[in-house]
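1. No sequence on hand, only this structure:
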């Protein structure tokens, strides 16, 4: 069985002149090496495909694979994560992870929260600022938290993200709208503990792989899991396995959110507690980072004695089961 690999390699885009922040969501060279090594170690034949431009060329040339392991984040547009799987759908090539609809929905944090809230799952009250005038109409009580609605890896999130006044909110929204050219999500600030939860499977068969509490050390960014804290996590952060009752309640909210949003195969869900001790859905990453040492999902799996190769095997097995494919290698 041949598995193709679609991905955005950070070094490729840096060589083209893109900035570190612009490429923050893209994979390091060592991530793709580790992913390929894991798939090879599981007995699959692998072929590197690369980003959507390479995928388009190869599909047009007639190349096909039994399955594609997709971790393409995309570069442009609010539907960028859906572009590679949509192209694979057009050529009827099966792939891992969520479909274009889910990837587009979940990239917009405000739309994802609408679905989750409609399903009766707790999430912080929020508003979406589409233009500067909307900021003055936000009627939520302070403190508030504001961030780009369609970014990942903490982009646009820093010590200013927690705001205490209308003036501060207006200025921050102005800056984010100009810088990122997309809506701003404004939500009630959640002051409690933060967990990230790994989920695998599909539909009623989805299950929790494990959870991990996020512990903040660097005081300059506050207790905010933003761009700098994520990029320098080894120095600024520490993590603990989720073992107590709070972790179990966070896992329950995460699993319910995963199912409500229609995520497939594997995702990582971020949960934070409000002032009253209720775990609230923050966001889901249906294309979770897979660096074997640096990324949250492999880290939390290690706490559950799930090594990296086994994690990658779970993703492939869940996809093949969902697709009705034989697991013969």
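-> That came through, no problem. Predicted model, so just to flag it, every value in this text is computed and none were measured. Numbers count the residues shown, from 1 in each chain.
2. isn't residue 161 right up against residue 147?
-> Yes. Using Cβ atoms under 8 Å, residue 161 is in contact with residue 147, at 5.7 Å. Any C-beta I mention is one placed from the backbone N, CA and C, and that applies to glycine too.
3. Compare neighbour counts for the two and give me the winner.
-> More neighbours surround residue 147 than the other of residue 161 and residue 147, with 23 against 19 (other Cβ atoms under 10 Å).
4. tell me the secondary structure for the more buried one?
-> strand (DSSP: H, G, I helix; E, B strand; the rest coil).
5. mind checking pLDDT for it?
-> As predicted, residue 147 sits at a pLDDT of 95.
6. ok, residue 214 - contacts?
-> 194-196, 225, 237, 239 (Cβ atoms under 8 Å, 6 or more residues apart in numbering).
7. farthest pair in those residues?
-> For the contacts of residue 214, the maximum inter-member distance is 13.4 Å, found between 195 and 237 (Cβ to Cβ).
8. ok, these two, which is more surrounded?
-> residue 195 (27 against 15).
9. hang on, isn't that one packed against residue 249?
-> No. Assessed by Cβ under 8 Å, residue 195 is found out of contact with residue 249, at 9.3 Å.
10. for the stretch 51-200 of the chain, what spans make up the helices?
-> Ranges of helices in the stretch 51-200 of the chain, per DSSP state H, counting those that start in this stretch, are 52-60, 83-90, 100-107, 109-118, 132-135, 166-180.
11. right, so those helices: which one is the most enclosed?
-> helix 100-107 (a mean of 22; mean count of other Cβ atoms under 10 Å).
12. And it, what does it pack against?
-> Applying 3 or more Cβ pairs under 8 Å, 6 or more residues apart in numbering; DSSP states H and E, one finds that helix 100-107 contacts helix 83-90, helix 109-118, helix 245-261, strand 279-285.
13. before we move on, the earlier item: nearest to residue 318, out of the contacts of residue 214: which one, please.
-> residue 196 (19.2 Å).
14. Give the bridge partners for the closest one, please.
-> residue 212, residue 270 (DSSP bridges).
15. quick one: it and residue 211 touch, right?
-> Yes. Assessed by Cβ under 8 Å, residue 196 is found in contact with residue 211 at 6.9 Å.
16. Mark out where each domain of the chain begins and ends.
-> As recorded under automatic domain parsing, the domains making up the chain are 2-97, 125-188, 191-323.
17. Of all the ones you listed, which one is nearest residue 115?
-> It is, among the domains of the chain and with distance given as Cβ to Cβ, domain 191-323, at 5.9 Å.
18. Quickly list what residue 2 is bridged to.
-> On the basis of DSSP bridges, residue 2 is bridged to residue 45.
19. Contact partners for it?
-> 44-47, 65-67.
20. Give the buried subset of those residues as a ChimeraX selection command.
-> In ChimeraX syntax, the buried subset of the contacts of residue 2 is picked out as below (16 or more other Cβ atoms under 10 Å):
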select :44,46,65,66,67
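21. any idea which of the contacts of residue 2 is closest to residue 106?
-> Nearest to residue 106 among the contacts of residue 2, with distances taken as Cβ to Cβ, is residue 67, at 22.0 Å.
22. quick one: average pLDDT of stretch 121-136?
-> For stretch 121-136, the per-residue pLDDT averages 97.
23. which residues touch the residue nearest to the spatial centre of the chain?
-> Among the residues of the chain, the one closest to the centroid is residue 285, at 2.1 Å (Cα atoms, centre = their mean). Shown in contact with residue 285 (Cβ under 8 Å, 6+ apart): 106, 152, 267-270.
24. Output those residues as a markdown table; include the columns distance to residue 215 and pLDDT.
-> Formatted as a markdown table, the contacts of residue 285 follow (distance: Cβ to Cβ, whole Å; pLDDT from 0 to 100):
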| residue | distance to residue 215 | pLDDT |
| --- | --- | --- |
| 106 | 26 | 97 |
| 152 | 21 | 84 |
| 267 | 22 | 98 |
| 268 | 17 | 98 |
| 269 | 18 | 98 |
| 270 | 14 | 97 |
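25. Considering the residues you listed, which possesses the most neighbours?
-> residue 269 (30 neighbours).
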